[in-house]
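A.B. asks: fold the following and give me the result.
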Amino acid sequence: MARRDGRAVQKTGATKRAPTQKAGSVMGMRGKQVNGRALGARRPLTLACACALGLAGCLGGGGGNEVSRLATDAAGTPRLTPAEREAAASPVITALQARRSILPQGSSYSAVSDAVLAANSRTAEAELRAARLRATAASKNWLPQIGPSISLTSLSDVVTNIVLEQVLFDHGRLKAERAFAKADVEVAAVDLADDTNARVFTGLSLYLDAAEARERRALDARTLGDMTQFEWIMRQRVQGGVSDRSDLSVLGQKLGEIRLSLTSAEEAEQTALAELSAMAASPVDGIMGLADLPEIAPGARPLSVLRAMAEEDRSVAEARTERAGLLPGVTASGTVGSDNGGGINLGGGLLGLGTGDSLRAIEMQKDAAARKTRQAEEDAARALRRLEQRILALDRQRGEAASLAAQARANLDLFQEQYDSGQRQVMDVVGVYETFAARESARVSLKYELARARLQSARLLGLLADGSRI
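C.D. replies: Predicted structure coming up:
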């Protein structure tokens, strides 16, 4: 047993010495070349790569942990899609995706919205995709970087190397770059939501313009028919010598004004429909009527506030990157090629007498970004409060206008009865009818102005389109 143990020991020692001899033989051939390339160049590159990857895993600032955490899921939990992971890591994108459109399904508003969104070129979507690609690239900035280095040492010698670098300590510069790319994605996402809501609002505004012009045209057509009847009666009275010709001239002027208003309403309707059809993917001429929008639930943040929050994060990340650029860092590097070598370098920004002031200025940039967010919240709150009060006022005025129009209609009926019994002149009835037509016109204007104000409030909150569909 002892001899077998000794034999086993000798065999083990032989196996340990064999790699040493082989390595020695390889190292003895480092000066030789095969096909113009040094054989010994492979080992330093391998060692440099292994060291750099090891340092990256230890000093990468948590980058490797983030990648492994996203790549694997806990047992029993569903794997998240990239969009779901992005939303879970960003409160801004989460708030955008949680938004639901307040446009009733199957209504005229919903039909117009679908038509204009189907023809949307979605320029902001392309910018969002570019920002996501930049963020994906930045998420790997903690890994070592490799690339060629070619220099001309003299008129006849060209030195070629492969340089491998790994950042060991950079005062959080790489982490700030990742945060900047993430905030840039959030800003692009808010821009996409704002662009989509703005397009829907533009389409609905054109639809309201066409609907209002259509209703005004119908009102003017009815007024023109009634005034034409009054003008015929007055003409007969003038021909019979009962009334003066001046009254007939006044009625003729009123008819001319009504025809002008009717023509203007027809042109406004055609213009709005033509513009709406140009930005819609399907015909919108047959869409009629208005929709009753539900009350907006409290708690939704305006898009301007979300943009300010994302821009604040981006500004803070940019300031941290600038701060790290002013301070020296530590980098490990290796060179393989004509000049083999490696080492750890201490470098970065140069310190000077103004470095302290530059650092304080960067800190002030962070404070300025936070102040911009608070100012955006104040401005958005003011705009929403103003729209809320305007909506309440317009709703009240519309009710009063409808009541006044009903009173004017009752007065017109009374004057018509008195005219039929011979107690009133034609011009008396004409005056009351003009008052009734003016009340109807004011009622129509207030109705559509109220609809625009409600759409404007929903547009500021980004509630004209579903966030998940965007």
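
A.B. asks: CA only for contacts and neighbour counts going forward, please
C.D. replies: Will do.

A.B. asks: need the strands for the stretch 301-450 of the chain, in chain order.
C.D. replies: 328-337, 341-348 (DSSP state E, counting those that start in this stretch).

A.B. asks: my error: substitute the stretch 151-300 of the chain in the last question.
C.D. replies: Going by DSSP E, counting those that start in this stretch, the stretch 151-300 of the chain shows strands at 158-169.

A.B. asks: where in the stretch 1-150 of the chain is pLDDT low?
C.D. replies: When residues are selected by pLDDT under 70, those of the stretch 1-150 of the chain lie in 1-88.

A.B. asks: sorry, slip of the keys, the one I care about is the stretch 201-350 of the chain.
C.D. replies: The stretch 201-350 of the chain contains residues with pLDDT under 70 at 337-343, 345-350.

A.B. asks: mind listing what residue 178 touches?
C.D. replies: 135, 138-139, 141 (Cα atoms under 8 Å, 6 or more residues apart in numbering).

A.B. asks: same check, this time on residue 388
C.D. replies: residue 457.

A.B. asks: thinking again about what came up before, and the contacts of residue 178, which is closest to residue 463?
C.D. replies: Closest approach to residue 463 among the contacts of residue 178 (Cα to Cα): residue 135, at 27.5 Å.

A.B. asks: how close does the most centrally placed residue in the chain sit to residue 178?
C.D. replies: Compute the mean C-alpha point of the chain, and by Cα atoms, centre = their mean the closest residue is residue 191, 2.1 Å away. Distance, residue 191 to residue 178, using Cα to Cα, to the nearest Å: 20 Å.

A.B. asks: again with residue 166
C.D. replies: To residue 178, residue 166 is 16 Å away according to Cα to Cα.

A.B. asks: cool, residue 237 as well?
C.D. replies: Remark: distance between residue 237 and residue 178 (Cα to Cα) = 87 Å.

A.B. asks: can you check residue 452 too?
C.D. replies: Noted for residue 452: a distance of 42 Å to residue 178, by Cα to Cα.

A.B. asks: equivalent analysis for residue 209, please.
C.D. replies: For residue 209, the distance to residue 178 - Cα to Cα - is 47 Å.

A.B. asks: try residue 467
C.D. replies: 25 Å.

A.B. asks: before we move on, what about residue 200?
C.D. replies: Separation of residue 200 from residue 178 (Cα to Cα) stands at 34 Å.

A.B. asks: what do you get for residue 353?
C.D. replies: In terms of Cα to Cα, residue 353 sits 30 Å off from residue 178.

A.B. asks: one more: residue 97?
C.D. replies: Residue 97 is 22 Å from residue 178, by Cα to Cα.

A.B. asks: run through who's touching stretch 408-422.
C.D. replies: 424-426, 428-429, 432-433, 435-436, 439.

A.B. asks: go with 10 Å
C.D. replies: Applying Cα atoms under 10 Å, 6 or more residues apart in numbering, the contact partners of stretch 408-422 are 402-407, 423-426, 428-440.

A.B. asks: give the buried residues for that stretch.
C.D. replies: Buried residues in stretch 408-422, counted by 16 or more other Cα atoms under 10 Å: 408-409, 411-412, 415-416.

A.B. asks: which other helices and strands contact the host helix or strand of residue 94?
C.D. replies: Secondary structure assignment for residue 94, by DSSP states H and E: helix 91-97. In this structure, helix 91-97 makes packing contacts with helix 82-88, helix 173-239, helix 303-326, judged by 3 or more Cα pairs under 10 Å, 6 or more residues apart in numbering; DSSP states H and E.

A.B. asks: after it, next one along is what?
C.D. replies: helix 108-118.

A.B. asks: off-centre distance for that next one?
C.D. replies: 19 Å (Cα atoms, centre = their mean, to the nearest Å).

A.B. asks: could you tell me the angle between it and helix 173-239?
C.D. replies: Interaxial angle, helix 108-118 versus helix 173-239 (axes from the mean of the first three to the mean of the last three Cα atoms, to 10 degrees): 130 degrees.
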